[in-house]
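Participant: Got a predicted model here, sequence first, then my questions.
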Amino acid sequence: MAPVSSRLQIRGPLPGDGTSVAGLWRELWDAHEAWGGYVGAKDEDTYAAVAVRLDSDAQARRGSPVMGRHVHLVAVAEGRVVGQVEGWIDRYGVAPTTPTTCEVRSLIVTANARVGGVGRALLHALGEVATAVAQGPAALAAEVLEPNPAHAFYEKLGFRPVAWTTRIDTRNARWPEHARVAGPRDAQAVAALDVALLARRRLAHDPRFDPPRSIDATMLGALSAHLARSPGEIPAELVAVDATGTVRASATLLVMHLDPPFVPVERSALGRVSVDPAADPAPLLRALIELGSHLARQHGARSLEITDLTWPRSPLHDRTIELGAVPWSRIVTKVVRPQR
């Protein structure tokens, strides 16, 4: 890629950058740990192994920032790597108006280079790469921990929050009376709740997803087949019911393993949370969170992130706080378009 200025160049990683980038990652994970995030490794051997992997990865890229759906860019000033950013390109909808999403990952600028516009240049370059891959508009999306001072940085660049996450301890989680793993018989109810979720995302101006759509036989057939999987499989679709046994809320449970340079740990998230707008969210959320926490604990996760929530001081967000969760992060987005 061309130099951003006479002093700064943004390009794909090259063999030999690995040690510098691994050092940047160490700065980032140390900062995240200080903000209450997942713990990063402290030993030199881990980062030496990461450096080797990064150099091998760079060799396979042959100078390109793009490999598959993964984007990796580094910022170089006076021959020294001073920043880096990763992106993961995906598409969460099929409507022509729904842009491709580029998830911003591990944006870090070394401490003594943070006043030179390096972070802005990295995100600008990431947007250029994402629109080139998408051959059209792309939605940059970043998860920012609540204690992270980068909120002002993203806001200044035009990013806006569209979803919030809280986090709860999974200890002492029990199997609730009014929630269960969904099955094929729940397809109609889950589809209706999915439409409500899409409408809520639209109201939040979240560009990553399709607008609400009508429920048809094809959708129900695909959803029934999806829900027919083994109840013990992860990801798992969960539903909560009211006193009459009617499904009134749903969510998707994910459990993933974090590898080095994180200290290896299981991370769990309860996403796609949707509650019938006509129902009281408190008991339904309690049931979903208790079941999600119980299952996450069975898979080794010590905490559960509750994602896809509305803004603080809204009923959906604040009911999770009342149940013992704490604010964790928010998703901020910005749509970028190809330069003409």
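Facilitator: Now that the structure is in, tell me what you want to look at. Numbering: from 1, shown residues only.
Participant: residue contacts, Leu123?
Facilitator: The contact partners of Leu123, taken as C-beta atoms under 8 Å, 6 or more residues apart in numbering, are 85, 104, 107, 140, 157. Every C-beta, even on glycine, is put in place using the N, C-alpha and C of the backbone.
Participant: Report the next helix or strand after the host helix or strand of the first one in sequence order.
Facilitator: So that's Val85. Secondary-structure element containing Val85, defined by DSSP states H and E: strand 80-90. Where DSSP H and E defines the elements, the next helix or strand beyond strand 80-90 is strand 100-109.
Participant: so what does that following strand touch, helix or strand wise?
Facilitator: helix 18-34, strand 80-90, helix 118-134, strand 138-145 (3 or more C-beta pairs under 8 Å, 6 or more residues apart in numbering; DSSP states H and E).
Participant: So which of those is the most surrounded?
Facilitator: Per residue and on average, the most neighbours among these fall to strand 138-145, with a mean of 22 (mean count of other C-beta atoms under 10 Å).
Participant: Packing partners of that strand?
Facilitator: The contact analysis (3+ C-beta pairs under 8 Å, 6+ apart) places strand 138-145 against strand 100-109, helix 118-134, helix 151-156, strand 326-336.
Participant: To Ser268, which of those lies closest?
Facilitator: strand 326-336 (12.3 Å; C-beta to C-beta).
Participant: hmm, who's touching the closest one?
Facilitator: The set of residues external to strand 326-336 that reach it, using C-beta under 8 Å, 6+ apart, is 99, 127-128, 130-131, 137-146, 151, 154-155, 157-168, 206-208, 305, 312, 321.
Participant: If we use 6 Å, what do you get?
Facilitator: Applying C-beta atoms under 6 Å, 6 or more residues apart in numbering, the external contacts of strand 326-336 come out as 99, 127, 131, 137-146, 154, 158-159, 161-167, 207, 305.
Participant: Stretch 81-90 now?
Facilitator: Outside stretch 81-90, the residues within contact range by C-beta under 6 Å, 6+ apart are 17, 20-21, 24, 69, 71-75, 101-103, 105-107, 109-110, 113, 118, 122, 126, 133.
Participant: and what of stretch 227-239?
Facilitator: By C-beta under 6 Å, 6+ apart, the surrounding residues in contact with stretch 227-239 are 181-184, 186-187, 247, 250-255, 288, 291.
Participant: buried subset of those?
Facilitator: Members of the contacts of stretch 227-239 that pass the buried threshold by neighbour count (16 or more other C-beta atoms under 10 Å) are listed as 181-182, 186-187, 247, 250-255, 288, 291.
Participant: least reliable of the helices and strands packed on strand 100-109 going by mean pLDDT?
Facilitator: Averaged per stretch, pLDDT over the helices and strands packed on strand 100-109 is lowest on helix 18-34, reaching a mean of 94.
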